[in-house]
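Novice: please work out how this folds:
(2 chains)
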Amino acid sequence: DSGVTQTPKHLITATGQRVTLRCSPRSGDLSVYWYQQSLDQGLQFLIQYYNGEERAKGNILERFSAQQFPDLHSELNLSSLELGDSALYFCASRGGTSGGAFSEQFFGPGTRLTVL
Amino acid sequence: ILNVEQSPQSLHVQEGDSTNFTCSFPSSNFYALHWYRWETAKSPEALFVMTLNGDEKKKGRISATLNTKEGYSYLYIKGSQPEDSATYLCASFNQAGTALIFGKGTTLSVSS
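Specialist: Next comes the predicted model:
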């Protein structure tokens, strides 16, 4: 158990809908990362938050947004869902200060999103 | 754009065999290289974080080396066991030093 929790574990929804994925980092970790794992793709970095502020953006679509709350949990909002958004979404956290190249990340169990 | 490549894509070995995989990454503006192990139905777990050219790290039967000048890292597993079956991911930090860029992984299957 990494100490990172994600809910829900599975989510099935229809095209055009909006969903929210939730992540609670390890106790004390200020950084939260979101990743998308699609078929035949590696883990794709979406976005990073550090202590409530957006720190880095990757290949995140405009239809997607995220935030990190004062209690450090984070939510990833996916809207106007398309079939191609079906994927496994991971959240990861790490300790230490900003600039986390040198710190391992701890991954949550993931949320599997299926868009029908 | 930073590309991290891993080879082979998959590998099947017999119990007791030793094996190795390759991760290649752009050598310019290198910050760090991470190795993760991802078992089916679980989440990725960190194996190593490597930063210096010539770094060599070991955890049990698994070890890794790093060559930042030529942009590659090798992961070795000595005496593979069925429990080593997993996908092994490497990831490099990009120029901004703020995001891990993952390769697609090498999937290892060990038969008893």
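
Novice: secondary structure element for residue 12, which one?
Specialist: Answering for chain A, as no chain was given. strand A:10-13 (DSSP states H and E).

Novice: not quite, I wanted chain B
Specialist: strand B:10-14.

Novice: buried ones in that strand?
Specialist: The neighbour-count check on strand B:10-14 (16 or more other C-beta atoms under 10 Å in any protein chain shown) flags B:11, B:13 as buried. No exception for glycine: its C-beta is placed from N, CA and C like everyone else's.

Novice: sheet partners, orientation included, of it?
Specialist: strand B:106-111 (parallel) (DSSP bridges).

Novice: alpha carbons of the partner strand, as PDB, please.
Specialist: This file holds the C-alpha atoms of strand B:106-111, laid out as PDB (Å, rounded to 0.1, in the frame of the first residue of the first chain):
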ATOM      1  CA  THR B 106       9.200  -3.900 -20.800                       C
ATOM      2  CA  THR B 107       6.800  -6.600 -19.800                       C
ATOM      3  CA  LEU B 108       8.700  -9.600 -18.200                       C
ATOM      4  CA  SER B 109       7.100 -13.000 -17.900                       C
ATOM      5  CA  VAL B 110       8.900 -15.600 -15.900                       C
ATOM      6  CA  SER B 111       7.900 -19.200 -16.200                       C
END
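
Novice: now the angle from the longest strand along chain B to strand B:10-14?
Specialist: Ranked by residue count, the top strand of chain B under DSSP state E comes out as strand B:86-93. Put simply, strand B:86-93 runs at 140 degrees to strand B:10-14, going by axes from the mean of the first three to the mean of the last three C-alpha atoms, to 10 degrees.

Novice: ok, and does the helix or strand that strand B:86-93 is followed by reach over to chain A?
Specialist: For strand B:86-93, the succeeding helix or strand toward the C-terminus, using DSSP H and E, is strand B:100-102. Yes: residues of strand B:100-102 contacting chain A under C-beta under 8 Å from any C-beta of the partner chain: B:100, B:101, B:102.

Novice: I'd say the second one and residue B:89 touch.
Specialist: Pointing back at residue B:101 there. No: counting by C-beta atoms under 8 Å, no contact exists between residue B:101 and residue B:89, whose distance comes to 10.8 Å.

Novice: pLDDT of stretch B:58-70, averaged?
Specialist: Mean per-residue pLDDT for stretch B:58-70: 96.

Novice: sorry, wrong one. I was asking about stretch A:44-54.
Specialist: If you average the pLDDT values across stretch A:44-54, you get 93.

Novice: rewinding a little: return the distance of the strand holding residue B:12 from the chain's centre.
Specialist: Computed by C-alpha atoms, centre = their mean, to the nearest Å, the chain-centroid distance of strand B:10-14 equals 15 Å.

Novice: now do stretch B:5-15
Specialist: Using C-alpha atoms, centre = their mean, the offset of stretch B:5-15 from its chain centre is 11 Å.

Novice: residues in contact with that stretch: which ones?
Specialist: With C-beta atoms under 8 Å, 6 or more residues apart in numbering or on different chains as the test, stretch B:5-15 has contacts from B:19, B:21-25, B:80-82, B:88-90, B:103-112.

Novice: now stretch B:34-51
Specialist: The set of residues external to stretch B:34-51 that reach it, using C-beta under 8 Å, 6+ apart, is A:2, A:4, A:43, A:90, A:101-110, B:23, B:31-33, B:57, B:59, B:62, B:64, B:66, B:73, B:75, B:85-92, B:100, B:105.

Novice: 6 Å - rerun?
Specialist: The contact list for stretch B:34-51 (C-beta atoms under 6 Å, 6 or more residues apart in numbering or on different chains) reads A:104, A:107, A:109-110, B:32-33, B:57, B:64, B:66, B:75, B:86-91.
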